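**Q** Take a look and give me a structure for this.
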Amino acid sequence: MKTKVVALGALLIACVLGTAAAAGAQEPTTTTAPGATTTVPGQPVPSPTGEAVRGTLFYEDENEERQLVEGVDVTVDDAAGNEIATVTTDEEGVFEVPLPGPGSYTATIDIDTLPEDISLRDEDRATLTFDMAESRTRNLLYPLQSGEGGGGSGSSFFDRAARLFVEGVRFGLIIAMCAIGLSLIFGTTGLTNFAHGELVTFGAIVAWVFNVTWGWPFIASAIIAILISILMGFAIDRFFWRPLRDRGTGLIAMLVIAIGLGLLLRYIFQFQFGGFGEAYRQYNLQEGIEIGPVRIVPRDLIGMGISIIALVAVATFLQRTRMGKAMRAVADNKDLAESSGIDVNRVIGFVWASGAGLAALGGILQGLSEQVSFQMGFQLLLLMFAGVTLGGLGTAYGALVGSLVVGVAMEVSTLWIPTEFKTVVALSILVLVLLIRPQGILGQAERIG
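**A** Next up, the predicted model:
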């Protein structure tokens, strides 16, 4: 009977996500770019399905009025480095390049063609890499600013450090939301859940299906996705992990099963959703808000607020409610909690459900800031483990502190090293802290032997 229920659950997941596969067949987004001029011989052959990349270059002057930038060159190359075309922005600051088809591309802005008093806010964003799905038009954003030095960085070291710190806090809060469930699952069951990243991806994709494929408003889609993820987390424990625990399956065997489950779900997502990143329908292009030296778009600011509220709610729940105290008791000593009359299976089921809901919320916020992809959770998984281990295994507060340290360290490190190596910095900090304090920042030392 349980096998049939699991099979039906897997079929339900495939049906929900299967609608995402039909998204590629929707009508292409139509855009026009008046006056885009090709500065190299020949035009790219447009794809019959209408893929294209476009953007609008502008900056805000000292009166906070938008000024369009004309005459800037943007070059688009394919994944092999072959040039597709170089176009020049028109009088409305618009550029557009038709692409030969789906695939990976790079777009590079020529900073030497920027006006004398205009520069990129972040020189690292002169070249953008993006994936193009079938029948889509992709918008690119090159944040510009006015200031002396034309084509230079246009900002002080302090200003850039402040921006990266805020970005690190935003990213760390998302990692923390995803990692708290991972930490509580480990604390209550001893399982190192390598499939937790797929719960992040599941929530983000379900929200995308409701928002883009079915046309629901983003907020309603996000709420429905979180509720479905909560049910999904509870069902995974009830019909998959609990039978394994009841049979006395060892933690090593369950670890291997978790790895296999993660691989299975990841490639189900890829098969149904596709291999390219996708954006939600709302809140894609927003103008930034200036807060001192920091410029942040409203969606990221609101996302940080939601993350803080969610984490404070989790902390209050763990400290003040009966279920929260039971969760802490099971995490501290499972056998003692069970002998005290606590329904351990009920507590573990609640941990799985709440952990899946938090993972879904983190995935939705990350997909809103970046893009939704089939491997977004897997890309966050190593950082979640780093945050949990750094803060202290099995503790929710440790996961929060460790994740914030990881997020801030990753982003601020790009002041001195290339962006591609920022993950190495976070893991190096993890190794150094564990050499000094093996139990983690908030973990408790245990006597062995």
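
**Q** what are the bridge partners for residue 75, then?
**A** residue 86, residue 108 (DSSP bridges).

**Q** pLDDT score for it?
**A** Looking at residue 75, its pLDDT is 92.

**Q** Okay, and residue 431 sits in which element?
**A** For residue 431, the host element (DSSP states H and E) is helix 422-436.

**Q** Following the chain onward from the helix-or-strand element of the chain with minimal mean pLDDT, which element is next?
**A** Lowest on mean pLDDT, DSSP states H and E among the helices and strands of the chain sits strand 37-38, with a mean of 39. Per DSSP H and E, the first helix or strand lying C-terminal to strand 37-38 is strand 52-56.

**Q** Residues touching that following strand, excluding its own?
**A** For strand 52-56, contacts defined as C-beta atoms under 8 Å, 6 or more residues apart in numbering pick out 31, 33, 46, 68, 74, 76, 89, 92-99, 105, 107, 130, 132, 137-142. The C-beta positions use only the backbone N, C-alpha and C, and glycine is treated the same way.

**Q** Among those, which ones are in strands?
**A** Using DSSP state E, the subset of these located in strands is 68, 74, 76, 94-98, 105, 107, 130, 132, 137-140.

**Q** What subset of the residues you listed is buried?
**A** 74, 76, 94-98, 105, 107, 130, 132, 137-138, 140 (16 or more other C-beta atoms under 10 Å).

**Q** quick one: which of those residues is nearest to residue 314?
**A** Compare each of those with residue 314 using C-beta to C-beta and the shortest gap goes to residue 130, at 34.7 Å.

**Q** coming back round to it: closest to residue 274 out of the buried ones among the ones in strands among the contacts of strand 52-56?
**A** Using C-beta to C-beta, these come closest to residue 274 at residue 132, 11.4 Å.

**Q** hang on, isn't that closest one packed against residue 100?
**A** No: assessed by C-beta atoms under 8 Å, residue 132 is found out of contact with residue 100, at 9.7 Å.

**Q** Identify the contacts common to those two.
**A** residue 51.

**Q** tell me, what residue is most central in the protein?
**A** The chain has residue 366 as the residue nearest its centroid, 3.1 Å off, counting by C-alpha atoms, centre = their mean.

**Q** how close does that residue get to residue 281?
**A** 17 Å (C-beta to C-beta, to the nearest Å).

**Q** One more: residue 187?
**A** Distance of residue 187 to residue 281, given as C-beta to C-beta: 38 Å.

**Q** quick one: which of those two has more around it?
**A** residue 187 (24 against 15; other C-beta atoms under 10 Å).

**Q** So which bits of the host helix or strand of that one are buried?
**A** With secondary structure defined by DSSP H and E, residue 187 is part of helix 157-189. Buried residues in helix 157-189, defined by neighbour count with 16+ other C-beta under 10 Å: 159-160, 162-189.

**Q** can you give me the strands for this protein?
**A** In the chain, the segments counted as strands under DSSP E are 37-38, 52-56, 58-60, 66-68, 73-78, 83-88, 94-98, 103-109, 118-120, 127-132, 137-140, 144-146, 289-291, 294-296.

**Q** And those: which comes nearest residue 208?
**A** For the strands of the chain, proximity to residue 208 was assessed by C-beta to C-beta; strand 127-132 is nearest, at 14.8 Å.

**Q** any idea of the mean pLDDT in that closest one?
**A** According to the model, strand 127-132 has a mean pLDDT of 84.

**Q** thinking again about what came up before, which of the strands of the chain sits most buried?
**A** Ranked by mean neighbour count, the strands of the chain are led by strand 94-98 with a mean of 23 (mean count of other C-beta atoms under 10 Å).

**Q** Just the residues contacting stretch 199-207, thanks.
**A** 13, 16-17, 20, 178, 181, 218, 221-222, 224-226, 228-229, 232-233, 265-266, 269, 273, 280, 355-357, 359-364, 366-367, 372-378, 380.

**Q** about what we covered before: now the closest residue to the residue nearest to the centre of the chain other than its chain neighbours: how far from residue 284?
**A** The shortest distance from residue 366 to any residue other than its chain neighbours is 5.2 Å, reached at residue 174 (C-beta to C-beta, 6 or more residues apart in numbering). Per C-beta to C-beta, residue 174 is found 18 Å from residue 284.

**Q** For residue 5, report the pLDDT, please.
**A** For residue 5, pLDDT reads 40.

**Q** can you check the one 4 residues further on too?
**A** For residue 9, the model assigns a pLDDT of 51.

**Q** what does residue 245 give?
**A** We have a pLDDT of 90 for residue 245.

**Q** With the one 3 residues further on instead?
**A** For residue 248, the model assigns a pLDDT of 87.

**Q** do you know how far it is from residue 255?
**A** Counting by C-beta to C-beta - residue 248 and residue 255 are separated by 15 Å.

**Q** Residue 110 too?
**A** Residue 110 sits 50 Å away from residue 255, going by C-beta to C-beta.
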